[in-house]
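Q: okay, here's the prediction I keep looking at, along with the sequence it came from:
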Amino acid sequence: MKRFGIVVSILVLLVCSFAVFAADKDVVMKPDAIKWEDGPIKGTHVAKLWGDWMTGGPYGCLIRFDGGLMNPMHMHTQTLRIYVLRGTFVHQSAGGKMEKAGPGSYVVQVGGNHHISGCAKGAECKFLMTSDDKFDMIPDAPAK
């Protein structure tokens with residue numbers, strides 16, 4: 001039953017996201033058609049689903065983090081919406097407590113808010129990420 005809920009949640013998120021683009025044809029992407037490439041940070045991998053996450057405009061992509069990969073305090077210009085598919089996604093807002101989000105969890109990282117994020121040790125994480133404009137990751141300046 002839990003797996004059914006996860007699948008339904010993913011489908012709802014995808015349907016809502018695709019509706020923005022008013023596609024002129026149906027799209028079915030089977031796992032072997034999803035092309036993974038290395039992400040901008042070692043230990044990250046990306047599969048584009050729609051839009052282009054690095055050049056601008058709305059996009060959706062699958063992201064994989066190697067287990068134990070943690071990104072130090074940073075921010076994004078745009079708000080990121082994340083739906084965890086596998087593993088344990090870790091998020092800690094600046095000044096907040098560390099949150100561990102397992103499969104079926106939904107995380108919103110508001111543009112301009114500083115946070116630490118990554119994947120708990122032990123297993124890779126896989127999640128769906130969407131945003132309204134291009135991805136960026138702006139690290140906080142190191143403390144002096």
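A: Good, I have the coordinates.
Q: what sits against the closest residue to Gln109 other than its chain neighbours?
A: Once flanking residues are discounted, Gln109 sits nearest to Leu80: 4.4 Å by CB to CB, 6 or more residues apart in numbering. For every residue, glycine as well, the C-beta is placed using N, CA and C. By CB atoms under 8 Å, 6 or more residues apart in numbering, Leu80 lies in contact with 108-109, 111, 129-131, 135.
Q: which of the helices or strands spans the spatially most central residue of the chain?
A: The structure's the chain has its C-alpha centroid closest to Met129; by CA atoms, centre = their mean the separation is 3.1 Å. Met129 is part of strand 125-131, with elements assigned from DSSP states H and E.
Q: before we move on, back to that, next one: the residue nearest to Gln109 from Pro142, what distance?
A: Distance of Leu80 to Pro142, given as CB to CB, to the nearest Å: 23 Å.
Q: and Asp24, by the same measure?
A: 48 Å.
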